[in-house]
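S.K.: sharing a sequence plus its predicted fold:
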Amino acid sequence: MSTKQAKVWIYAKEFKGDVELSNFELKDEEIGDIKDGEFLAEALFLSVDPYVRTFQLQYPTGSVMTGRQIARVIESRNSKFPVNSLIFGNLGWRTLTAVNPENYPKKHDLFILPDLGDLSPSISLGALGNPGNSAYYGFLDLCKPKEGEVVVVSAAAGAVGTIVGQIAKIKGCQVIGFAGSDEKCKMLEQDFGFDKAINYKNENVEKLLKEAAPNGIDCYFDNVGGMLSTIVIDQMRNFGRISICGAITGYNDQTIMVPAFKSFHRNNLRMEGFMNYRWINEWMEEGMFQMLKWIQEGKIKCQETVTEGFENMPQAFIGIFSGKNFGKAIVKV
């Protein structure tokens, strides 16, 4: 019997308040010979996602950190996953994984990547993965944007927000985004086609939003919650639509969610939250390939913040809560 050694990040201490390095522990794990029907996957890129902050709470401490990765099959005793295949897998924060596909009955948790041409396979964790499909369906199906409407995107420089803004421009909308630095705002306007980007950290958000959208807002794609969202909702037009993708301001401090119920009543607003799995069948058949087509046509740009080294997973994860990433946060093993 031969053994290989995997490195694994463990959920060492329960998340309470801000995420800290002490929440994680790096361990070694021995992996023996794979069995019939299994394959051995070696991680290439790992996804860094804020949802893990709340999702991980359902697991006990001592568990492997949950998360998605792009991996290469390096050994196989399964004809459907031959050696050198590139796969997307919900395999957790680990460098090597012995995978039995029967343990992944949902097709979106484990699949071989389509032909991406010259694109990096890491794109399947971003624009072609959960963030891109959250943007595609969460915006188009819930907000139902019309040409000429005003769209506001919070966390516009994030993995989902950058895609939502670009889709809104494809649909002929005026797009306003919020980001946390002047540099990010400049990039949103110059490189990603946003009509206006506002630094919510050091500018008068309410005043600048009124100036950018004097007649009000039709669609709001919300990734943050909190007071920023209340300001946006208060400026929405009659029959405005709000898509709730996330609430990152409340992940570490759940006391700051502030809904604007008076505006809902006054302006006949509609708000709907979502988990992207509700469109999973369409995602695997339509969303992924429409996004790939737009990327190949140059209509969608993909932005990644790449951290080198598996040992830096916790630092990359902590960084997303302080806005250190622009676009999709990725760790390259």
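M.R.: Looks like it came in fine.
S.K.: and stretch 246-255, average pLDDT?
M.R.: Averaged across stretch 246-255, the pLDDT comes to 65.
S.K.: repeat for stretch 307-322
M.R.: pLDDT averaged over stretch 307-322 gives 96.
S.K.: equivalent analysis for stretch 55-66, please.
M.R.: 95.
S.K.: Y277: neighbouring residues, count only.
M.R.: 12 (other Cβ atoms under 10 Å). C-betas here are computed from N, CA, C, even on glycine.
S.K.: which ones are touching the spatially closest residue to it that is not a sequence neighbour?
M.R.: Take Y277 and drop its neighbours on the chain: the residue closest to it by Cβ to Cβ, 6 or more residues apart in numbering is H108, 7.2 Å away. Residues in contact with H108 (Cβ atoms under 8 Å, 6 or more residues apart in numbering) are 277, 280, 283-284.
S.K.: and G323, by the same measure?
M.R.: 157, 179-181, 184.
S.K.: can you rerun that using 10 Å?
M.R.: 155, 157-158, 179-181, 184, 201, 248 (Cβ atoms under 10 Å, 6 or more residues apart in numbering).
S.K.: just S2 next, same as before
M.R.: Taking Cβ under 10 Å, 6+ apart, one finds 31-33 in contact with S2.
S.K.: circling back to that earlier point, and the furthest pair within the contacts of H108?
M.R.: Of all pairs drawn from those, the one with the longest distance (Cβ to Cβ) is Y277 and M284, at 11.2 Å.
S.K.: mutual contacts of the two, please.
M.R.: 108, 133.
S.K.: what are the phi and psi angles of the closest residue to Y11 other than its chain neighbours?
M.R.: In this structure, Y11 finds its nearest non-sequential neighbour in S63, 5.0 Å apart by Cβ to Cβ, 6+ apart. Phi and psi for S63, reported as degrees, to the nearest 10, are phi -80, psi 160.
S.K.: S63 contacts Q56, correct?
M.R.: Yes: counting by Cβ atoms under 10 Å, Q56 is a contact partner of S63 at 7.8 Å.
S.K.: can you list contacts of stretch 187-194?
M.R.: Contacts for stretch 187-194 (Cβ under 10 Å, 6+ apart): 151, 153, 156-157, 161-163, 165-166, 168-170, 174-179, 181, 185, 195-198, 299-301, 303, 326-327.
S.K.: mind checking how far it is from the chain centre?
M.R.: 19 Å (Cα atoms, centre = their mean, to the nearest Å).
S.K.: mind listing the helices for this protein?
M.R.: 52-55, 130-143, 161-170, 182-191, 205-212, 226-234, 261-267, 280-282, 288-296, 313-320 (DSSP state H).
S.K.: report the buried residues of the shortest one.
M.R.: If I follow you right, that is helix 280-282. Neighbour-count burial for helix 280-282, counted by 16 or more other Cβ atoms under 10 Å, picks out I280.
S.K.: again with the third one
M.R.: The neighbour-count check on helix 161-170 (16+ other Cβ under 10 Å) flags 161-169 as buried.
S.K.: ok, E311 to K210 distance?
M.R.: As defined by Cβ to Cβ, to the nearest Å, E311 lies at a distance of 47 Å from K210.
S.K.: before we move on, what about S124?
M.R.: From S124 to K210 the distance is 40 Å (Cβ to Cβ).
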